[in-house]
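K.L.:
Quick check, what structure comes out for this input:
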Amino acid sequence: AVARVQSSRSLCFSFIFRTLAGMFFAALFFLRGFGITVGTHAVYDVFVGIVLISDV
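P.N.:
Numbers count the residues shown, from 1 in each chain. This next block holds a predicted model:
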């Protein structure tokens, strides 16, 4: 595994973002079910992929 050194601020932001995203997907799963949650996650992955590609 490749270890990356991150600043404390970056690490804190990443932790908070992932925690909030996990809570969102958990609530979505509880309220709407598995299919909607998978679809939402797939759309999110495509969106992040497009944003990351456009930044390169």
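K.L.:
ok, the closest residue in space to Thr40 that isn't next to it in sequence - contacts?
P.N.:
Counting by C-beta to C-beta, 6 or more residues apart in numbering, Thr40 lies nearest to Leu28, which is 6.2 Å off, once chain neighbours are set aside. To be clear about C-beta, it is placed using only N, CA and C from the backbone, and glycine gets the same treatment. Listed by C-beta atoms under 8 Å, 6 or more residues apart in numbering, the contact partners of Leu28 are 36-37, 40.
K.L.:
and Leu28, what pLDDT?
P.N.:
On pLDDT, Leu28 comes in at 89.
K.L.:
now the strands for the protein?
P.N.:
With DSSP state E as the criterion, the chain has no strands.
K.L.:
Longest helix in it, by number of residues?
P.N.:
helix 8-32 (DSSP state H).
K.L.:
Report the buried members of the contacts of Leu28.
P.N.:
If you count burial by 16 or more other C-beta atoms under 10 Å, the buried members of these come out as Thr37.
K.L.:
which residues touch stretch 37-45?
P.N.:
By C-beta under 8 Å, 6+ apart, the residues outside stretch 37-45 that reach it are 25, 28-29.
K.L.:
Just give me how far that stretch sits from the chain centre.
P.N.:
Taking the mean C-alpha point of stretch 37-45 and that of its whole chain, the gap between them comes to 10 Å (C-alpha atoms, centre = their mean, to the nearest Å).
K.L.:
Could you pull out the buried residues of it?
P.N.:
By neighbour count, and taking 16+ other C-beta under 10 Å as the criterion, the buried residues in stretch 37-45 are Thr37.
K.L.:
so for that stretch, what's the average pLDDT?
P.N.:
Stretch 37-45 shows an average pLDDT of 90 in the prediction.
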